[in-house]
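>>> Below are the sequence and a predicted model for it; my questions follow.
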Amino acid sequence: NAGVTQTPKFQVLKTGQSMTLQCAQDMNHEYMSWYRQDPGMGLRLIHYSVGAGITDQGEVPNGYNVSRSTTEDFPLRLLSAAPSQTSVYFCASSYSKFDNQPQHFGDGTRLSIL
Amino acid sequence: KQEVTQIPAALSVPEGENLVLNCSFTDSAIYNLQWFRQDPGKGLTSLLLIQSSQREQTSGRLNASLDKSSGRSTLYIAASQPGDSATYLCAVKPRDDKIIFGKGTRLHILP
């Protein structure tokens, strides 16, 4: 089982550049989400989706866009990278927002903005 | 607003000891609580999930308890091993809202 796959694993960007972090799951999960993890801040929710075509904002959505055209994929777009977006980004999925099943996480994308 | 606290932030214990990690939360109206393990440079792996109607869950050497009324959960690790060294995070899911994570306890098992 591939589970949740994130690409790339590492990325360095210059301020102002844009990029897309990819996330794919093969478990037919409806609920997918993006988190960022920063030292001393814990995990913070950026955006989430409860199914194809439906997305919503989390705690820290500014500077990020998402779309969900298929059940499997949930890409995160940085529109104009800023040094404050240097972080480790995790994608997670579960069957639904309202179930009692555990969340599955990808291995993360480590992003540095110069 | 729901807040999740894990104390201590870091813990070192000799191999073979039994240990308890603590998690507290401010709002008892939760749907479930999960304990995760995170190894350096890796994502989170779910260890145990306790539904709001349950008091505990067990998996191998791990036992997690939940006391909603006091806003507390513990993760008990029996006969600790160096391979248990990792960061352990707890997360609560409020009803009709998003999962809230604690900042984790960094555990180091001394050989």
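Done, it's in.
>>> Close to chain A: what parts of chain B are there?
Proximity of chain B to chain A is assessed by Cβ under 8 Å from any Cβ of the partner chain, with B:31-32, B:34, B:36, B:41-46, B:49, B:51, B:89, B:91, B:96, B:98-99, B:101-104 identified as the residues in range. Placement of C-beta: from N, CA and C, glycine included.
>>> go again using 7 Å as the cut-off
With Cβ under 7 Å from any Cβ of the partner chain as the criterion, chain B meets chain A at residues B:N32, B:Q34, B:K42, B:G43, B:L44, B:S46, B:L49, B:Q51, B:K98, B:F101, B:G102, B:K103.
>>> For the first one, pull up the helix or strand it's in.
Using DSSP states H and E, B:N32 maps to strand B:30-38.
>>> List the strands paired with the helix or strand just after that strand, with their directions.
Past strand B:30-38, further along toward the C-terminus, the next helix or strand under DSSP H and E is strand B:44-51. Partner strands for strand B:44-51, per DSSP bridges, with pairing direction: strand B:30-38 (antiparallel).
>>> Show me what the strand it pairs with is in contact with.
Contact partners of strand B:30-38, identified using Cβ atoms under 7 Å, 6 or more residues apart in numbering or on different chains, comprise A:100, A:102, B:44-52, B:64, B:66, B:68, B:73, B:75, B:86-95.
>>> buried subset of the residues you listed?
For the contacts of strand B:30-38, a burial check counting by 16 or more other Cβ atoms under 10 Å in any protein chain shown picks out A:100, A:102, B:44, B:46-50, B:52, B:64, B:66, B:68, B:73, B:75, B:86-94.
>>> Next, find the distance separating the closest residue to B:I77 other than its chain neighbours from B:L33.
The shortest distance from B:I77 to any residue other than its chain neighbours is 5.2 Å, reached at B:L19 (Cβ to Cβ, 6 or more residues apart in numbering or on different chains). Distance of B:L19 to B:L33, computed by Cβ to Cβ, to the nearest Å: 19 Å.
>>> just the strands in chain A please.
When assigned using DSSP state E, the strands of chain A occupy the ranges A:4-7, A:10-13, A:19-25, A:31-38, A:42-51, A:54-57, A:64-66, A:76-78, A:87-94, A:104-105, A:109-113.
>>> Adding distance to chain B, mean neighbour count and mean pLDDT, write the ones you listed out as a markdown table.
As requested, the strands of chain A are exported to a markdown table (distance: least, Cβ to the nearest Cβ, whole Å; neighbours: other Cβ atoms under 10 Å in any protein chain shown; pLDDT from 0 to 100):
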| stretch | distance to chain B | mean neighbour count | mean pLDDT |
| --- | --- | --- | --- |
| strand A:4-7 | 8 | 18 | 96 |
| strand A:10-13 | 10 | 14 | 96 |
| strand A:19-25 | 11 | 19 | 97 |
| strand A:31-38 | 8 | 23 | 96 |
| strand A:42-51 | 4 | 20 | 93 |
| strand A:54-57 | 9 | 14 | 95 |
| strand A:64-66 | 15 | 19 | 97 |
| strand A:76-78 | 15 | 18 | 97 |
| strand A:87-94 | 6 | 23 | 96 |
| strand A:104-105 | 4 | 22 | 94 |
| strand A:109-113 | 8 | 18 | 97 |
